[in-house]
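Enquirer: this is a predicted model, with the sequence first.
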Amino acid sequence: MVQGEQLYRSHCATCHGTSGKGNGPAASALKTPPPDLTLLAKNNDGKFPDLKVVHVLESGTDLTAHGSKDMPIWGPIFRSMGPAAAGGQVGHLREVNLTEYLKSIQEK
């Protein structure tokens, strides 16, 4: 199975940067700057928001602070990368792996 760091580098680093700080090479071209993903726990009273992160990967967000739904919604893309017989479980596992990686890069 694809590890979270590999998924991050392949799908997120272009906008969010290799360190997750929101300074990827495509960030300056976006209307809304990508958030610093290393601050997710800090901005959530010190607790990493696992379920929220998985939900954003799956469905995007309607929060105006996040900007529009221009951010790719990775759930359908991740599911399409796995065997159809898995019934979406491969995509969800990728979302979980990516979430675990994001948890590992949180600012202390």
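Expert: Arrived safely, thanks for sending.
Enquirer: what helices or strands is the helix ranked longest in the chain leaning on?
Expert: If you go by DSSP state H, the chain has its longest helix at helix 89-104. Helix 89-104 sits against helix 4-11, helix 50-59, helix 74-80, with contacts defined as 3 or more Cβ pairs under 8 Å, 6 or more residues apart in numbering; DSSP states H and E. For glycine as for every other residue, the C-beta is placed from the backbone atoms N, C-alpha and C.
Enquirer: starting at the chain centroid, how far to the helix or strand bottoming out on mean pLDDT in the chain?
Expert: Lowest on mean pLDDT, DSSP states H and E among the helices and strands of the chain sits helix 74-80, with a mean of 76. Using Cα atoms, centre = their mean, to the nearest Å, the mean C-alpha position of helix 74-80 is found 12 Å from that of the whole chain.
Enquirer: same question for stretch 96-108.
Expert: With Cα atoms, centre = their mean, you get 9 Å for stretch 96-108.
Enquirer: then stretch 44-64?
Expert: That offset, for stretch 44-64, works out to 9 Å (Cα atoms, centre = their mean).
Enquirer: buried residues in it, which are they?
Expert: Residues F48, P49, V53, V54, V56, L57, E58, G60 are the ones in stretch 44-64 that count as buried (16 or more other Cβ atoms under 10 Å).
Enquirer: thinking again about what came up before, who's in contact with the least confident helix or strand of the chain?
Expert: Identification of contacts with helix 74-80 by Cβ atoms under 8 Å, 6 or more residues apart in numbering yields L7, H11, L57, E58, S59, G88, V90, G91, H92, R94, E95, L98.
Enquirer: how about the closest residue in space to V96 that isn't next to it in sequence, what does it touch?
Expert: Of all residues beyond its chain neighbours, the one nearest V96 is V54 (6.6 Å), with distances taken as Cβ to Cβ, 6 or more residues apart in numbering. Contacts for V54 (Cβ under 8 Å, 6+ apart) come out as H92, E95, V96, T99.
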